[in-house]
Every structure is written in structure tokens, then in C-alpha cells.
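starting from these lines, generate the structure:
(2 chains)
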Amino acid sequence: ETGVTQTPRHLVMGMTNKKSLKCEQHLGHNAMYWYKQSAKKPLELMFVYSLEERVENNSVPSRFSPECPNSSHLFLHLHTLQPEDSALYLCASSQDEGALGGYGYTFGSGTRLTVV
Amino acid sequence: GNSVTQMEGPVTLSEEAFLTINCTYTATGYPSLFWYVQYPGEGLQLLLKATKADDKGSNKGFEATYRKETTSFHLEKGSVQVSDSAVYFCALSFLTGGGNKLTFGTGTQLKVEL
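Now for the predicted structure:
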């Protein structure tokens, strides 16, 4: 399988639940990202991992906890979420290069999360 | 800081009409520029890109030219189809020591009707 795969595609969880979103890439990329896409809002960058190290955390609440065990896998652990956290969560990967590059991101199809 | 500005949508066109979605950017230096497309219920897909001034990216009948003088990267298509209905995102990127940072515009929704 190629590209970026996200599971599950849809998730409904209660505010007291704990769940995890999974992202997997088979492109040989060394950077991975989590984005949140809410209705009528710009894409929000949540976390950036480069070479398995977290390099950016854009003031995301602690109820979201990322994990990057290796360069092919990225998780987003969720606990005690709020209804306003309902959104499409997108994972992406890219190749970091030392020189200027034309490398964009390859996105997964996203996980549609609904918090009830 | 770096930013991308897109025309607001939704843009509604009849099938076979000509499409332009404007995109301008603000950046220090010369970024790479991208257009992404998001079909309903899906993630973003790379549509086309350009890495230096005067480059033209093209794919699936869509084109965009990197204009350094006007800091623009407008998306065009000569004849749209109903299947082109989607949200289109303009983006720029710089490579930094901390990763390949992609800055997106807010997206422009395109609706194509028969």
C-alpha cells in the first residue's frame, strides 16, 4: 500500500473516552504532521515531527497527545475531549531536504471525529 | 511572517466555463508554491506546484504560473466540469531546519453546475 493512510475514517466518542488516531506513510518521508480542519476555518497545524522528534506544537491543549514511534507512524491520542474538538483531523507527511525544495505534503483522507 | 491570501468563495460556475481562483502570497525570499484540492469527505491532494519564478505548474487541465513580480499564483482552467467541484487551497513552503513548513490559504470552494 502506498501513500498516507489514516484510521479510523470516522470516530464518535464521548467526552470521557480515550481513543487514538493512527497515521501511516509508506513514502519514505521523514516528517509527519497533524492538522485540524474545522468547518469554515483555515487548516490548523497542530504538531510537526521531523526525524521522529517533535519540532512544533502550536499551543494545542494537552487533551491531544501525539506520538511518533518511527518515521512511518504517527498517532494522536485523545482523552477528555470537548464537543468543539469535533473536526476532520488530517495527517500529512513530507520529505525534508537540506536544499530548497519543491516538496509539498502528501495528505491522508482524514479521520472525521465527532465528540458527543 | 509568511501568508497566503485567496479569493473568498464559494465560486459557482456553469459547466465548461473558464475558472480563475486568485492567490497572492507574502513571504521573505522565494518559496515554492502549491495548489491542493479537497473533494467532499476527503483529505487534501496535491494538484500542481511551481518551485521558481515563471514556472508553470499544470495537471488535469488546471494551470498556475509563479509570478514573482506580482507575488501571485492564480489557478486557471479553461473548461470546468461538475467533477471539479471541490475546495481549492493555495499554499507556500519553505524548508527550514525544523521541517518543511507549508502555509495554507483559507481555501476557495468551487461549485460547478450543469
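
dump the residue contacts of the most centrally placed residue in chain A.
Centroid check for chain A by C-alpha atoms, centre = their mean gives residue A:34 as the closest residue, at 2.6 Å. Listed by C-beta atoms under 8 Å, 6 or more residues apart in numbering or on different chains, the contact partners of residue A:34 are A:23, A:45, A:46, A:47, A:66, A:74, A:76, A:89, A:90, A:91. Using the backbone N, CA and C atoms, a C-beta is placed for each residue, glycine as well.

TSV for those residues, including distance to residue B:92?
TSV is the format used below for the contacts of residue A:34 (distance: C-beta to C-beta, whole Å):
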residue	distance to residue B:92
A:23	24
A:45	14
A:46	19
A:47	20
A:66	24
A:74	23
A:76	25
A:89	23
A:90	18
A:91	21
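
got these as a markdown table, with neighbour count columns?
Output for the contacts of residue A:34, formatted as a markdown table (neighbours: other C-beta atoms under 10 Å in any protein chain shown):
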| residue | neighbour count |
| --- | --- |
| A:23 | 27 |
| A:45 | 19 |
| A:46 | 20 |
| A:47 | 22 |
| A:66 | 20 |
| A:74 | 27 |
| A:76 | 23 |
| A:89 | 23 |
| A:90 | 26 |
| A:91 | 28 |
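
quick one: which of those has the lowest pLDDT value?
Lowest pLDDT of the contacts of residue A:34: residue A:45, 87.

still on that earlier bit, wasn't the residue nearest to the centre of chain A part of a strand?
Yes: under DSSP: H, G, I helix; E, B strand; the rest coil, residue A:34 sits within a strand.

bridging residues for residue 75?
Here I'm looking at chain A. residue A:22, residue A:67 (DSSP bridges).

my bad, chain B
Where residue B:75 sits in a bridge, its partners, by DSSP bridges, are residue B:21, residue B:64.

let me see the contact set for it.
B:19, B:20, B:21, B:23, B:35, B:47, B:62, B:63, B:64, B:88, B:90.

report how many residues lie close to the second one.
Right, residue B:20. 12 (other C-beta atoms under 10 Å in any protein chain shown).

what residues does it make contact with?
So residue B:20 contacts B:74, B:75, B:76 (C-beta under 8 Å, 6+ apart).

if anything else comes up later, I'll come back, but that's it for now.
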